[in-house]
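>>> just the structure for this:
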Amino acid sequence: MPKMKSKSAAKKRFTLTGTGKVKRHHAYHSHILTKKSTKRKRNLAYSAIVDKTMESTIKKMLGL
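The predicted model follows:
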């Protein structure tokens, strides 16, 4: 049986932490930044943890 391929889009967007959680980036931090407050832009810059309901789906996409 051949190896399962991982989704290229998922490889680019998600990373695993040491404890096995999935890290993601926030949306809305790429353009039209002038109207957004400094606090909002700062909080969008930090990474976030994927919700538990989506974690298994993303791990399948990553080939885990």
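>>> for the residue positioned nearest the centre of the chain, give me its contacts.
Taking C-alpha atoms, centre = their mean, the centroid of the chain lies closest to Arg24, which sits 2.1 Å from it. Going by C-beta atoms under 8 Å, 6 or more residues apart in numbering, Arg24 touches 13-14, 47-50. Any C-beta I mention is one placed from the backbone N, CA and C, and that applies to glycine too.
>>> pull the longest helix from the protein.
helix 52-61 (DSSP state H).
>>> what about this protein, any weak spots by pLDDT?
Scanning the chain for pLDDT under 70 picks out no residues.
>>> show me where it has helices.
Here the chain has its helices, by DSSP H, at 8-13, 38-45, 52-61.
>>> would you turn these into TSV with distance to His29 and mean neighbour count?
As requested, the helices of the chain are exported to TSV (distance: least, C-beta to C-beta, whole Å; neighbours: other C-beta atoms under 10 Å):
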stretch	distance to His29	mean neighbour count
helix 8-13	14	12
helix 38-45	4	12
helix 52-61	20	13
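>>> distance of the residue nearest to the centre of the chain from Thr38?
According to C-beta to C-beta, to the nearest Å, Arg24 and Thr38 sit 22 Å apart.
>>> for Ser47, grab the count of nearby residues.
Ser47 has 10 neighbours, counted by other C-beta atoms under 10 Å.
>>> now do the contacts for it.
For Ser47, the contact set (C-beta under 8 Å, 6+ apart) comprises 23-26.
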